[in-house]
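*Asks:* this one's structure only:
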């Protein structure tokens with residue numbers, strides 16, 4: 001008899017999508033979906049008594065103890081749930097592969113799992129369409145001064161002003177991966193010039209959706225030429241704090257910064273100062289150093305800032321797309337073939 005592959009799904013997933021996973025190989029795959037109480041524990045839910053919490057935690061530990069594969073998110077909640085549980089061998093002795101539902105793996109890099117031989121894969125590529133559209137919508141809102149007319153509407157005020165065109169503007173993309181390429185494609189359709197940096201690029205060259213791709217070392221030249229700077233790189237030790245005071249000063253005073261990457265790639269204090277003193281004109285921010293963004297953050301009340309609650313990658317078919325990527329990887333795993341989107345701990349993604 002063939003050994004079962006125990007798959008643990010750590011988030012709420014529609015029954016038909018669970019069955020889609022099972023259908024990859026019904027004879028070999030055994031699926032366990034965490035219950036709502038176990039998921040509450042992962043989200044930091046406070047139980048009325050320690051006894052109730054311990055009972056839920058025991059079931060959670062049991063689920064991970066049996067798992068060969070985990071499909072789901074990973075964050076501080078999982079670390080907290082297993083606090084004091086011991087090493088990886090104690091927590092999940094059979095775990096060999098974690099399929100994340102995110103494109104980034106920054107929350108998992110220092111967990112010890114990768115270091116102890118667990119393969120980690122992401123859903124890189126899933127977010128290109130929704131985030132690409134979100135970025136363009138943010139650029140359009142800034143160019144057409146949407147916050148200004150929405151505030152006027154709230155005041156019942158007929159206040160005319162002059163919007164700007166996107167045609168002929170330069171969009172600079174910092175990190176030309178799947179998302180950056182889609183932003184470039186959409187920006188080109190508006191008649192924009194697109195320039196970008198890419199870590200693997202050593203010499204400047206042209207590409208399908210970028211007029212010029214430059215090495216990462218030429219970041220300041222991209223910032224200086226861009227009307228809209230889009231941050232779309234992963235969070236790694238190299239990119240943490242990449243956009244600081246010097247980089248913001250390198251931008252045009254009429255330029256806008258759009259961040260859909262991770263909050264810590266930008267020095268938030270330096271950004272607030274730059275927006276206040278006119279170093280740059282505007283920002284559209286979907287990610288922040290601390291999430292949710294604290295209620296006392298100055299960013300909330302700045303008229304040249306558009307804030308969204310980390311939703312740029314959202315789509316009504318997110319789970320469906322994530323399951324498609326997982327099922328493809330599951331087939332590869334069962335056939336002992338290379339997986340898609342394996343995280344390289346050396347690169348951080």
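*Replies:* Yep, it's here. Computed from a predicted structure; not experimentally measured.
*Asks:* When you work out contacts or count neighbours from here on, use the C-alpha atoms and nothing else.
*Replies:* OK.
*Asks:* do you know how far residue 25 is from residue 217?
*Replies:* When distance is defined by Cα to Cα, to the nearest Å, residue 25 is 47 Å away from residue 217.
*Asks:* between those two, who's got more neighbours?
*Replies:* Per other Cα atoms under 10 Å, whichever of residue 25 and residue 217 has more neighbours is residue 25, with 15 against 12.
*Asks:* Quickly find the element holding the more buried one.
*Replies:* Remark: residue 25 resides in no helix or strand, with elements defined by DSSP states H and E.
*Asks:* what's the spacing between it and residue 328?
*Replies:* Taken as Cα to Cα, the span from residue 25 to residue 328 is 12 Å.
*Asks:* again, but for residue 322
*Replies:* The span separating residue 322 from residue 328 equals 10 Å under the rule Cα to Cα.
*Asks:* try residue 71
*Replies:* When Cα to Cα is the yardstick, residue 71 and residue 328 sit 13 Å from each other.
*Asks:* now swap in residue 131 and tell me
*Replies:* If you measure residue 131 against residue 328 using Cα to Cα, the figure is 23 Å.
*Asks:* picking that back up, counting neighbours, go ahead and name the busier of residue 71 and residue 328.
*Replies:* Summary of the neighbour comparison: residue 71 and residue 328, criterion other Cα under 10 Å, with residue 71 having more neighbours (21 against 14).
*Asks:* Dihedrals phi and psi, the more buried one?
*Replies:* Dihedral angles phi and psi of residue 71 (degrees, to the nearest 10) take the values phi -120, psi 110.
*Asks:* contacting residues for it?
*Replies:* Taking Cα atoms under 8 Å, 6 or more residues apart in numbering as the criterion, residue 71 is in contact with 7-10, 98-101, 326.
*Asks:* Now that residue 240 has come up, it's in contact with residue 289, right?
*Replies:* No - using Cα atoms under 8 Å as the test, residue 240 is too far from residue 289 to be in contact (10.5 Å).
*Asks:* what residues do these two have in common as contacts?
*Replies:* Residues touching both residue 240 and residue 289 (Cα under 8 Å, 6+ apart) are residue 264.
*Asks:* shaky segments in the stretch 51-200 of the chain?
*Replies:* In the prediction, the stretch 51-200 of the chain carries residues with pLDDT under 70 at positions 74-89, 107, 109-115.
*Asks:* mind listing what residue 199 touches?
*Replies:* The neighbourhood of residue 199, defined by Cα under 8 Å, 6+ apart, consists of 175, 215-216.
*Asks:* What is the nearest of those residues to residue 343?
*Replies:* Ranked by distance to residue 343 (Cα to Cα), these are led by residue 175 at 16.8 Å.
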